[in-house]
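> Sequence plus the predicted model coming up.
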Amino acid sequence: MLPVPHRIERVRRETRDTFTLELAPVSGAAIFSPGQFNMLYVFGAGESAISISGHPGRPEKLVHTVRAVGVVTRAMRKLKRGDSIGVRGPFGAPWPVDLSEGRDVVLVTGGIGLAPLRPVIYHVLANRNKYGKLVLLYGARTPADRLYTREFERWRRRPDTYIDSTVDAAGRDWTGNVGVVTRLIPRADFDAANAIVMICGPEIMMRYTVAEMQKRGVSLDRIFVSMERNMKCAVVACGHCQYGPHFLCSDGPVLRFDRIAGLFGKREI
Amino acid sequence: MTVQSLEPILAEHPFCEGLDPQDVRVLSGCASNLVFRPGEMICREGEHADRFYLIREGRIAIEVYTPERGQVMIQTAGAGEMVGWSWLVPPHRWRFDVRALDTTRALALDAECLRGKCEIDPRLGYELLKRTAAVFAERLLATRLQLLDVYGDNS
């Protein structure tokens, strides 16, 4: 599968190390589902798996939020409006937005984990009458590391959402919460017996979030996590993203937690 | 004018969930109802820890002062949470500063009164210790996760 050239329409700086690219296909837009990812190819530098963070109802504008942490993503940060980038995809199993219909949708995320969940928020808000409460609990390192701050405030102001956030560290001028994101769970307003929980963040954060959700009474078959491994081919050919019996490029990145509970946190995997 | 007992308010607080009504009655004898304005200091590090607080409304910040960084916010806590364990552990001095972030309503439990009742009734003492230990454990775990800097450059 060859990368399809896309033109960079806009580059937006989100935080000191994170930026968002808006891409337009040179020919034909690909439909995607919330939670899927693309392989983005920086010509001459290499390819990297990046979750789609835009609106699933507007596939003509492909949006990716990227954290510059490796050779490819640092090269990506240097791209400018009008530059070209290769795209393969979309790949992977999506978030369970269909299964969530008629239920409360609870999203727990930390750091750049908000980016893969943003399409779920767009989808739920665009189909509001199909869902129960929309709950978003977001943790970031510091106030300056929060993503999509203006949009976040718009979501928070809506009467039909429960939005809460926290940071790990802050100065005295910060008036929000300080502490880990799991501390927001006990007081979050949702019906644990009728909720689908979607979690995206560092694995240790997801582990403690699952434990806290169990305390609230959410069963493991209604908890979904997005797993991150080294995606290379994205078409189940290379085995780099193998996670026990699962290939995350195809079976994941989104997995139902009860199906991986025995693998989760194992050091050998 | 009638003085309303704090017993029903205390019984509703999550810290007292499942507590024997008789124990709630005993606790209410050591309780007072307080309101803090935004920015008001609730306690200061090093001062005598003569009470602990059960937050009913609002939010507080647990802070520590360092000469290099000034006042550093460690954690925030809100409605339904308990604040303060120094009343239980000698030398009964606050280990952190606590400041109200919003208008905060809280029940204050007098330490000397409560310790006296626990000495008389060790069963009540053990019950309170278990509940306080659960708060210790939750805060310790949260602090460890914060120290791991899970969203940092090396995560």
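Sure, I can see it.
> burial of whichever residue of the stretch 101-250 of chain A sits closest to chain B, as a residue count?
For the stretch 101-250 of chain A, the nearest residue to chain B under the criterion C-beta to the nearest C-beta is residue A:111, separated by 3.7 Å. Glycine gets a C-beta too; all of them are placed from N, C-alpha and C. Residue A:111 has 26 neighbouring residues, counting by other C-beta atoms under 10 Å in any protein chain shown.
> if you skip the residues just before and after it, what's nearest to it?
Take residue A:111 and drop its neighbours on the chain: the residue closest to it by C-beta to C-beta, 6 or more residues apart in numbering or on different chains is residue B:151, 3.7 Å away.
> got a list of what that neighbour touches?
Remark: with contacts taken as C-beta atoms under 8 Å, 6 or more residues apart in numbering or on different chains, residue B:151 is in contact with A:110-112, A:139-141, A:145, A:168, A:201-202.
> Quick check: the farthest pair among these?
A:112 and A:168 (14.3 Å; C-beta to C-beta).
> Quick one: name the residues of chain B near chain A.
Taking C-beta under 8 Å from any C-beta of the partner chain, the part of chain B that reaches chain A is made up of B:59, B:61, B:63, B:70-76, B:78-80, B:101, B:138, B:141-142, B:145-146, B:148-153, B:155.
> so can I have TSV of the contacts of residue B:151 showing distance to residue A:71?
Formatted as TSV, the contacts of residue B:151 follow (distance: C-beta to C-beta, whole Å):
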residue	distance to residue A:71
A:110	25
A:111	20
A:112	18
A:139	28
A:140	25
A:141	23
A:145	22
A:168	27
A:201	24
A:202	21
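> just these now: which is nearest residue A:130?
Lowest distance from residue A:130 to the contacts of residue B:151 (C-beta to C-beta) belongs to residue A:201, with 26.0 Å.
> need the contact list for the closest one.
Residue A:201 makes contact with A:108-111, A:113, A:139, A:181, A:209, B:150-151 under the criterion C-beta under 8 Å, 6+ apart.
> Go through those and flag which are in strands.
Under the assignment DSSP state E, the contacts of residue A:201 contribute A:108-110, A:139 to strands.
> which among the residues of chain B next to chain A end up buried?
In terms of neighbour count (16 or more other C-beta atoms under 10 Å in any protein chain shown), the buried residues within those are B:59, B:61, B:63, B:72-76, B:78-80, B:101, B:138, B:142, B:145-146, B:148, B:150-151, B:155.
> In helices, which of these fall?
For those, the ones inside helices are B:138, B:142, B:145-146, B:148, with DSSP state H as the criterion.
> what comes up buried for stretch B:40-58?
Residues of stretch B:40-58 classed as buried by neighbour count (16+ other C-beta under 10 Å): B:42-43, B:49-56, B:58.
> what's the answer for stretch A:17-35, then?
By neighbour count, with 16+ other C-beta under 10 Å as the criterion, the buried positions of stretch A:17-35 are A:17-23, A:25, A:30, A:32-35.
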